[in-house]
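Asks: Build me a model:
(2 chains)
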Amino acid sequence: MKLPDPVALAIPAFILLMVAEVLWVRFGGRGEYEWRDTATSLVMGFGSTIAGLITGGAVIAAAYWLHQFAFLDLGWHWWVFALCILADDLAYYVFHRSAHRVRWFWAAHVIHHSSQHYNLSTALRQTWTGFIALGFIFRMPLFLVFDPAMVLFASAINLVYQFWIHTEVVGRMPRWFEAVMNTPSHHRVHHATNPRYLDKNYAGMFIVWDKMFGTFEPERADEPCRYGIVKNLGSFNVLWTAFHEWIGIAKDVWHAPTWRARWNYMVKPPGWSHDGSRDTSETIKARWAERQARLAAEPAE
Amino acid sequence: MLAQTLISIGGIALVVVLARWLGVRRPAASLDAKAAADLAEFTLAGFVADDVVLGADGGGALVSGQGGRFALIKPHGSHWAVRGLAPPVAVTVESADLIVESGDPMFGPVRLRIGAEAGETLAARLRAEAGRHT
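Replies: Numbers count the residues shown, from 1 in each chain, chains lettered A, B, ... in the order given. The predicted structure is shown next:
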């Protein structure tokens, strides 16, 4: 079956919505734009589509090769589409969680988090090195059940859905929607560096995965999100943006004292170091919790 | 494919030019000593600020913390970016500016306008501390 490309169809809408958001901010609405940050995000997004064109053929070939071993033939019913979208979103959750917990995957994904702003252009700040990071392997099991064209369509729907949640313009959606779907509020938490919010809300379309697997954190009115990464880039240069974590891995592997440390610099969580001199999200959270406890105890002293 | 590429390039140009032309950029919140200390403590886990040296033109700050740690702060668009520094901190003085090396080529050096005399005094102190750590 020939399916449309949702991303190609959505590009004009992406542009119009960004223009509308810029105008909204200009006339006093909630949100923030910095033109150099936006330029970096959009050039990264454009480069990502070029990288996708170069490497996409290999992923599609692998998908069809794997599909010959499919153990189910569900056909093309509407409910199969619905099931595929759900399964693809679960695969996305696993990928996304891994992308924050394994430095090799993080090296590609960090690009998306590297803006200190949170607006629709941030959604398009995408990696050029997703293929090298092997992010596609998380969807591979789906090809054993669903037709590759359907899976790729579902992935594109997922990508398009995630565009609109990158905004500060929308506060909260209706309660029922917030309960089931990923929303701007949930995803702001995901992009925040506040210790409370670190490594939370990995969902793509459905927030239920985070609630099921214990990674959900609601946005709090008393704790505004501070966006970016733990170690913000301090640069708008697209080459630094695209490759800084890969360079960091290369340096660490080169200088590591043992082969075990070399391996760990690639597969342990971001911030891991062989001598414990750096901070992971766990150490950041632990120190924050200690500080909160100390501050809470102070008035009683 | 060509149409999609042209639409993408045109869209990028439109949004970036519009954002610049409309001047929607919000300047970074002003940085006083308390804000600099808070920023350093928020960004660097376990950092406890002791002393703050502010650039007079809002160009950044160097925050010294307990345990010989430092936080170097520079403006980055509408926000501030922070690097933790461990001694020895490399500094030079150029006219009225103290130039602090971050040791990170992506982050670059930070130029703090603190006056020639204050710059020399601080540079001498940092070099002495660096001597103790080398």
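Asks: where do the strands sit along the stretch 201-301 of chain A?
Replies: For the stretch 201-301 of chain A, strands defined by DSSP state E, counting those that start in this stretch do not occur.
Asks: Quick check: residues of it near chain B?
Replies: A:226, A:228, A:230-237, A:240, A:244, A:279, A:283-284, A:287-288 (Cβ under 8 Å from any Cβ of the partner chain). Just so you know, the C-beta spots here come from the backbone N, C-alpha and C atoms, and that holds for glycine as well.
Asks: now the stretch 51-200 of chain A
Replies: So the stretch 51-200 of chain A meets chain B at A:116-117, A:121, A:193, A:195 (Cβ under 8 Å from any Cβ).
Asks: thinking again about what came up before, among the residues of the stretch 201-301 of chain A next to chain B, which ones are in helices?
Replies: A:240, A:244, A:283-284, A:287-288 (DSSP state H).
Asks: Now pLDDT too, for the residues you listed, in CSV please.
Replies: Listed next are these as CSV, based on pLDDT from 0 to 100:
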residue, pLDDT
A:Trp240, 97
A:His244, 97
A:Thr283, 94
A:Ile284, 95
A:Arg287, 91
A:Trp288, 91
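Asks: What segments of chain B are strands?
Replies: For chain B, applying DSSP state E gives strands covering B:49-54, B:61-65, B:70-76, B:79-85, B:91-94, B:97-100, B:110-113.
Asks: quick one: which of these is nearest chain A?
Replies: Nearest of the strands of chain B to chain A, taken as Cβ to the nearest Cβ: strand B:79-85 at 3.6 Å.
Asks: Which strands or helices does the closest one pack on?
Replies: For strand B:79-85, the contact count by 3 or more Cβ pairs under 8 Å, 6 or more residues apart in numbering or on different chains; DSSP states H and E identifies helix B:33-43, strand B:70-76 as packing neighbours.
Asks: Tell me which of the ones you listed sits most buried.
Replies: strand B:70-76 (a mean of 23; mean count of other Cβ atoms under 10 Å in any protein chain shown).
Asks: Can you give me the buried ones in the longest helix anywhere in chain A?
Replies: Taking DSSP H as the criterion, chain A has its longest helix at helix A:35-67. For helix A:35-67, the neighbour count (16 or more other Cβ atoms under 10 Å in any protein chain shown) marks A:35-49, A:51-52, A:55, A:59, A:63, A:67 as buried.
Asks: Reformat the helices and strands packed on strand B:79-85 into a markdown table and put mean pLDDT next to each item.
Replies: Shown next, in a markdown table, are the helices and strands packed on strand B:79-85 (pLDDT from 0 to 100):
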| stretch | mean pLDDT |
| --- | --- |
| helix B:33-43 | 92 |
| strand B:70-76 | 93 |
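Asks: right, and these - which one's nearest B:Val24?
Replies: Ranking the helices and strands packed on strand B:79-85 by proximity to B:Val24 (Cβ to Cβ) places strand B:70-76 first, at 16.7 Å.
Asks: what does that closest one contact?
Replies: A:116, A:232-235, B:28, B:31, B:36, B:39-40, B:43-44, B:47, B:49, B:58-65, B:80-87, B:89, B:100, B:102, B:107-108, B:110 (Cβ atoms under 8 Å, 6 or more residues apart in numbering or on different chains).
Asks: Which strands border it, and is each parallel or antiparallel?
Replies: Under the criterion DSSP bridges, strand B:70-76 sits next to strand B:61-65 (antiparallel), strand B:79-85 (antiparallel) in its sheet.
Asks: tell me the average confidence for the shortest one?
Replies: Model confidence over strand B:61-65 averages 93 on the pLDDT scale.
Asks: quick one: contacts of it?
Replies: Contacts of strand B:61-65 with the rest of the structure, by Cβ under 8 Å, 6+ apart, involve B:31, B:33, B:36-37, B:40, B:44, B:47-55, B:70-73, B:89, B:98, B:100, B:110, B:112, B:122.
Asks: Stretch A:56-69: how far from the chain's middle?
Replies: Relative to the mean C-alpha coordinate of its chain, stretch A:56-69 is positioned 24 Å out (Cα atoms, centre = their mean, to the nearest Å).
Asks: Run through the neighbouring helices and strands of the longest helix seen in chain B.
Replies: Secondary structure of chain B per DSSP H: the longest helix is helix B:2-21. Judged by 3+ Cβ pairs under 8 Å, 6+ apart, helix B:2-21 is in contact with helix A:6-26, helix A:35-67.
Asks: got a list of what the closest residue to chain B within the stretch 151-300 of chain A touches?
Replies: Closest contact between the stretch 151-300 of chain A and chain B, by Cβ to the nearest Cβ, is at A:Gly234 (3.6 Å). Contact analysis of A:Gly234 by Cβ under 8 Å, 6+ apart lists B:74, B:76, B:81, B:83, B:102, B:104, B:106-108.
Asks: Could you measure from it over to A:Thr283?
Replies: 22 Å (Cβ to Cβ, to the nearest Å).
Asks: Would you confirm that B:Ala49 contacts B:Phe42?
Replies: No: taking contacts as Cβ atoms under 8 Å, B:Ala49 lies outside contact range of B:Phe42: 10.5 Å.
Asks: residues making contact with stretch A:70-87?
Replies: The contact list for stretch A:70-87, computed with Cβ under 8 Å, 6+ apart, reads A:1, A:142-147, A:150-151, A:153-154, A:157-158, A:205-206.
Asks: Among the strands of chain B, which comes closest to B:Leu18?
Replies: The nearest among those, by Cβ to Cβ, is strand B:79-85 at 20.8 Å.
Asks: Tell me what angle the closest one forms with helix B:33-43.
Replies: Counting by axes from the mean of the first three to the mean of the last three Cα atoms, to 10 degrees, strand B:79-85 points 70 degrees away from the direction of helix B:33-43.
Asks: any idea how far strand B:79-85 is from the chain center?
Replies: 5 Å.
Asks: can you count the residues close to the residue lying closest to B:Asp50 once chain neighbours are set aside?
Replies: Of all residues not flanking B:Asp50 in the chain, B:Ser64 sits nearest, at 5.2 Å (Cβ to Cβ, 6 or more residues apart in numbering or on different chains). Using other Cβ atoms under 10 Å in any protein chain shown, B:Ser64 has 21 neighbouring residues.
Asks: A:Thr258 too?
Replies: 9.
Asks: just the one 4 residues further on next, same as before
Replies: The number of residues packed around A:Arg262, counting by other Cβ under 10 Å, is 16.
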